[in-house]
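Enquirer: here is a sequence with its predicted model. Questions after.
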Amino acid sequence: MTKILEMYKCNICGNIVEVVLSGEGELVCCGQPMEKMEEHTNNEEMTGEKHVPVIEKTQDGVIVKVGSIPHPMENEHYIMFIEVNSKDKRYVKRKYLHPHEEPVLNLKCSCDKVIARELCNIHGLWTSNESQS
Ligand SMILES: [Fe+2]
């Protein structure tokens, strides 16, 4: 069974999907079950300072940066997207990025508490729910 907002990857073709609504079934791609993507946090790896999203409140929303030390945005190694979810899972906003862009998402919202995630093309999925106001 899947849960809302989980991400799954196909290890054969590279498809990545996010669950919009939960279901009982198993997600399958290229003839085999998709792998649930682990969400890394700052406690796990030495590269956390370049990957864990930093959430800062602004006057009219939040700004999310990747990370506390800016992540590289080179052709071979870059942040593919930044996503912000309200903690109650009612709102989702995703910004796709390209190499040489700044890994920042500036979002106008009245959300009180948010979770931010980002996907590095090499180091995978990272998350943070710590607001720095
Ligand atoms: Fe990375």
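Expert: Thanks, I have it. Numbering: from 1, shown residues only.

Enquirer: can you give me the mean pLDDT across stretch 109-122?
Expert: Confidence for stretch 109-122, expressed as mean pLDDT, is 92.

Enquirer: is that stretch positioned near the ion?
Expert: Yes. Contact of stretch 109-122 with the ion (CB under 5 Å from the ion) involves 120, 122. (Glycine included, C-beta is placed from N, CA and C.)

Enquirer: which residues touch that stretch?
Expert: By CB atoms under 8 Å, 6 or more residues apart in numbering, the residues outside stretch 109-122 that reach it are 16, 39, 51, 53, 55, 60-62, 64, 66, 71, 77-87, 91, 93, 103, 105, 125-129, 131.

Enquirer: for ChimeraX, what selects the buried ones among the residues you listed?
Expert: In ChimeraX syntax, the buried subset of these is picked out as below (16 or more other CB atoms under 10 Å):
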select :51,53,55,61,62,64,66,71,78,79,82,83,84,85,86,93,103,105,125,126,127,128
